[in-house]
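In: quick one: sequence and predicted model below, then my questions.
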Amino acid sequence: MANYAHITELNESLQKYFDLMFDCDVSKFDQVFRSTVQLHGLRDGQMVVWSAETYRDILKKRPSPKSLNAPRADEVILIDFASPTQALAKVRVRIANMVFVDFLTWHFVDHKWLITSKGFHVESNSSGLA
């Protein structure tokens, strides 16, 4: 269903996501996330729901893995296109001492791929916190 251009563009957008997770440069936030995005996941045993504004603030206040000289590790596990304008990506990304598995719903909006929904799971946490 997706053509080569869609796959290439989504892969470039995924790289922007990984870069944002590593350097926490929120000036690039709107190049990755749609303003209406919602994020869902379990933190400390409780379900959290974050808006774009909340997540941008979290990234802004958190020391970036890059600034901590933390190793970078990110990978695309799966990409599935529902249509030329909607896709799902399953990714694994290390944020300092935590490894997340994220399900990212992408929509092609205004000639670019943006995340419209993110479900996250803490796969491992060497700090002992989840």
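Out: In hand now; what should we look at? Just so it is clear, the structure is predicted and the values come from calculations on it, not from any experiment. Residues are numbered from 1 along each chain as shown.
In: could you look up the SS state of Ser64?
Out: State at Ser64, reduced to three classes by DSSP: H, G, I helix; E, B strand; the rest coil: coil.
In: export the longest helix seen in the chain as PDB, just CAs?
Out: Under DSSP state H, the helix in the chain containing the largest number of residues is helix 4-23. In PDB, the C-alpha atoms belonging to helix 4-23 read as follows (Å, rounded to 0.1, in the frame of the first residue of the first chain):
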ATOM      1  CA  TYR A   4       9.000   3.800  -1.700                       C
ATOM      2  CA  ALA A   5       8.600   7.600  -1.000                       C
ATOM      3  CA  HIS A   6       6.300   6.900   1.900                       C
ATOM      4  CA  ILE A   7       8.700   4.400   3.400                       C
ATOM      5  CA  THR A   8      11.700   6.700   3.000                       C
ATOM      6  CA  GLU A   9       9.900   9.700   4.500                       C
ATOM      7  CA  LEU A  10       8.600   7.700   7.500                       C
ATOM      8  CA  ASN A  11      12.100   6.300   8.100                       C
ATOM      9  CA  GLU A  12      13.400   9.900   8.100                       C
ATOM     10  CA  SER A  13      10.700  10.900  10.600                       C
ATOM     11  CA  LEU A  14      11.600   7.900  12.800                       C
ATOM     12  CA  GLN A  15      15.200   9.100  12.900                       C
ATOM     13  CA  LYS A  16      13.900  12.600  14.000                       C
ATOM     14  CA  TYR A  17      12.000  10.800  16.800                       C
ATOM     15  CA  PHE A  18      15.100   8.900  17.900                       C
ATOM     16  CA  ASP A  19      17.200  12.100  17.700                       C
ATOM     17  CA  LEU A  20      14.600  14.000  19.900                       C
ATOM     18  CA  MET A  21      14.600  11.200  22.500                       C
ATOM     19  CA  PHE A  22      18.400  11.400  22.600                       C
ATOM     20  CA  ASP A  23      19.100  15.100  22.600                       C
END
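In: show the subsequent helix or strand relative to it.
Out: The helix or strand immediately downstream of helix 4-23 is strand 33-43, counting by DSSP states H and E.
In: so Thr116 sits against Ala89, correct?
Out: No: using CB atoms under 8 Å, Thr116 is not in contact with Ala89; the gap is 11.9 Å. Placement of C-beta: from N, CA and C, glycine included.
In: I appreciate the help and will end here.
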